[in-house]
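Undergrad: fold the following, please.
(2 chains)
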Amino acid sequence: MKKFLVLADIFQDSIRARDTLRHLARSPTLFLPHGFKTIQTRCNRLLKGDLEWLWASCTKLGRPRQSRLAANPHTGKARTAIQLDALAQKLAWAGNFSKSCQAVRSDSTPSLSSHTLAKLQAKNLQGSVDFDKTFWPSAVNMDALRQEDDWRHVAQEHFSVDSIRKYFACSPPLSALDADGWRPREHVTFLFSEEDEELHNLIQKHMVMPFRRLLPRS
Amino acid sequence: MKQNADGAPIPNAGGASVDSNVRGSTWRRCSASRAVADSSLAVTDYLLGQYDNLLQFARQKDGATRCAQIVQLPLANHVDHDVSDPLVAVQLDTSNSFCSVSRQPQFDVLSGKASRSYDDERVQVGDELPRPRTLDKYWG
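TA: Residues are numbered from 1 along each chain as shown, chains lettered A, B, ... in the order given. Now for the predicted structure:
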């Protein structure tokens, strides 16, 4: 990840290569679920540009899982008492007492039928993203506002490396994977455990800050 | 309010409409959480100062219990209330408000101007909408 971010740092904001490198750094599913050696091999292959090998390698690992799922598909059956006990203990030992308690106390069964997806879609309708931007502030207006004094401290105070570290360190353990494949506590916190200030600053600059523009455009 | 970091397109194999606003990302959540940490106090001050009948229980210790206790207070004397002008407590829980069908009203509040009519035409297109200025900085 650090190599991607160091490379991304070379390019200016408007350069496509910077965005591409940032996206590669945000793609943990190629590396994270595997052992250290596999991660290292894949990183080396990626740096050499051997994307076809990387893709084939990843999909190869996924095929046995697909076969297992096809032979033994997930059902909406509730967990047995032994399974619940094991799950609750695992969550409790990891420190997620809230989820552990919920696992023991909840008597609702998972909804997993052929109609589940349709019901969810009906419940959470997809609104249009064709927004009316007539009254949205212009980029020039925003730059002027961002130069005001009370906005200048926001990046240092709330988006500092320390506050980002605290956010990930306080995330609940064994939470569900995010859609991008990252688990904040398990996958990200350790990135801040070593005293690698350069990596921390790169993470802040290229992984978190791109979602918020707090400074005027250069 | 960038739809997606760097304005990158969302893979769209099926050709259907994909809303990039709802794309989950650990890094995005981190950024959003820090933005909330920055703005929540100012927004709270704004809401409490703007509306004298508003109490906020979110982001405080055991807010749900305090809310329940406060709501029970008017209920204790409910028999004495005037039926034509009853005392009403409205609980607003906006924890999942971003999942709304239409996000246009949220952007209208952020921009401070109505892009369509609201409240049975009492708010017309172009009318000013009250908003805390602290949220301005999160436009993209």
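Undergrad: report whether the helix or strand where residue A:62 lies contacts chain B.
TA: In the assignment (DSSP states H and E), residue A:62 maps to helix A:51-71. No - counting by Cβ under 8 Å from any Cβ of the partner chain, chain B is not contacted by helix A:51-71; separation bottoms out at 14.3 Å. Every residue, glycine included, has its C-beta placed from N, CA and C.
Undergrad: what helices and strands are in contact with the helix or strand just after that helix?
TA: Counting by DSSP H and E, the element after helix A:51-71 in chain order, helix or strand, is helix A:81-94. Applying 3 or more Cβ pairs under 8 Å, 6 or more residues apart in numbering or on different chains; DSSP states H and E, one finds that helix A:81-94 contacts helix A:97-105.
Undergrad: sorry, back to before: which parts of the helix holding residue A:62 are buried?
TA: A:54, A:57 (16 or more other Cβ atoms under 10 Å in any protein chain shown).
Undergrad: quick check, distance from the lengthiest helix in chain B to the centre of its chain.
TA: Ranked by residue count under DSSP state H, the longest helix found in chain B is helix B:26-50. A distance of 11 Å separates the centroid of the chain from that of helix B:26-50, by Cα atoms, centre = their mean, to the nearest Å.
Undergrad: does chain A sit close to the helix or strand following that helix?
TA: Downstream of helix B:26-50, the next assigned helix or strand under DSSP H and E is helix B:63-76. No - judged by Cβ under 8 Å from any Cβ, helix B:63-76 stays clear of chain A, getting no closer than 13.9 Å.
Undergrad: where does pLDDT dip in chain A?
TA: Along chain A, the parts satisfying pLDDT under 70 run over A:28-35, A:213-218.
Undergrad: repeat that for 90
TA: A:1-66, A:68-70, A:72-80, A:95-96, A:98, A:103, A:105-160, A:171-199, A:204-218 (pLDDT under 90).
Undergrad: ditto for chain B
TA: Confidence mapping of chain B against pLDDT under 90 gives the ranges B:1-29, B:31-112, B:119, B:130-140.
Undergrad: per-domain residue ranges of it.
TA: Domain assignment for chain B by automatic domain parsing gives B:22-93, B:95-140.
Undergrad: helix or strand for the residue nearest to residue A:189 when sequence neighbours are not counted, just tell me which one.
TA: Spatially, and ignoring its direct neighbours in sequence, residue A:189 is nearest to residue A:168 (4.7 Å; Cβ to Cβ, 6 or more residues apart in numbering or on different chains). Assessed by DSSP H and E, residue A:168 sits inside helix A:161-169.
Undergrad: touching that helix from outside, list them.
TA: Under the criterion Cβ atoms under 8 Å, 6 or more residues apart in numbering or on different chains, residues A:157, A:184-185, A:188-189, A:192, A:197, A:200-201, A:203-204, A:208, B:30, B:33-34, B:37 lie in contact with helix A:161-169.
Undergrad: try it again at 10 Å.
TA: Residues from elsewhere that reach helix A:161-169, judged by Cβ atoms under 10 Å, 6 or more residues apart in numbering or on different chains: A:156-158, A:160, A:182, A:184-193, A:197, A:199-201, A:203-205, A:207-209, B:26-27, B:29-31, B:33-34, B:37-38.
Undergrad: give me the buried entries from those.
TA: Among the contacts of helix A:161-169, those scoring as buried are A:158, A:182, A:184-189, A:191-192, A:199-200, A:203-205, A:207-209, B:26-27, B:29-31, B:33-34, B:37-38 (criterion: 16+ other Cβ under 10 Å).
Undergrad: surely residue B:51 meets residue B:130?
TA: Yes - using Cβ atoms under 10 Å, residue B:51 makes contact with residue B:130 at a distance of 9.4 Å.
Undergrad: Three-state assignment for the residue nearest the centre of chain A, please.
TA: Nearest residue to the geometric centre of chain A (Cα atoms, centre = their mean): residue A:182, 3.6 Å. Counting by DSSP: H, G, I helix; E, B strand; the rest coil, the backbone at residue A:182 sits in coil.
Undergrad: shouldn't it be in contact with residue A:1?
TA: No - assessed by Cβ under 10 Å, residue A:182 is found out of contact with residue A:1, at 11.2 Å.
Undergrad: separation between residue A:152 and chain B?
TA: 10 Å (Cβ to the nearest Cβ, to the nearest Å).
Undergrad: wait, that residue sits on residue A:145?
TA: No - assessed by Cβ under 10 Å, residue A:152 is found out of contact with residue A:145, at 11.3 Å.
Undergrad: please, which helix or strand holds the residue of chain A at minimum distance from chain B?
TA: Nearest residue of chain A to chain B: residue A:179, at 3.1 Å (Cβ to the nearest Cβ). Using DSSP H and E, residue A:179 falls within no helix or strand.
Undergrad: how many residues are close by it?
TA: Per other Cβ atoms under 10 Å in any protein chain shown, the neighbour tally for residue A:179 reads 12.
Undergrad: how about the residue located most distally from the centre of chain A: what's its closest non-neighbour residue?
TA: For chain A, the largest distance from the centre (Cα atoms, centre = their mean) belongs to residue A:134, which lies 32.9 Å off. Nearest residue to residue A:134, sequence neighbours excluded (Cβ to Cβ, 6+ apart): residue B:115, at 5.9 Å.
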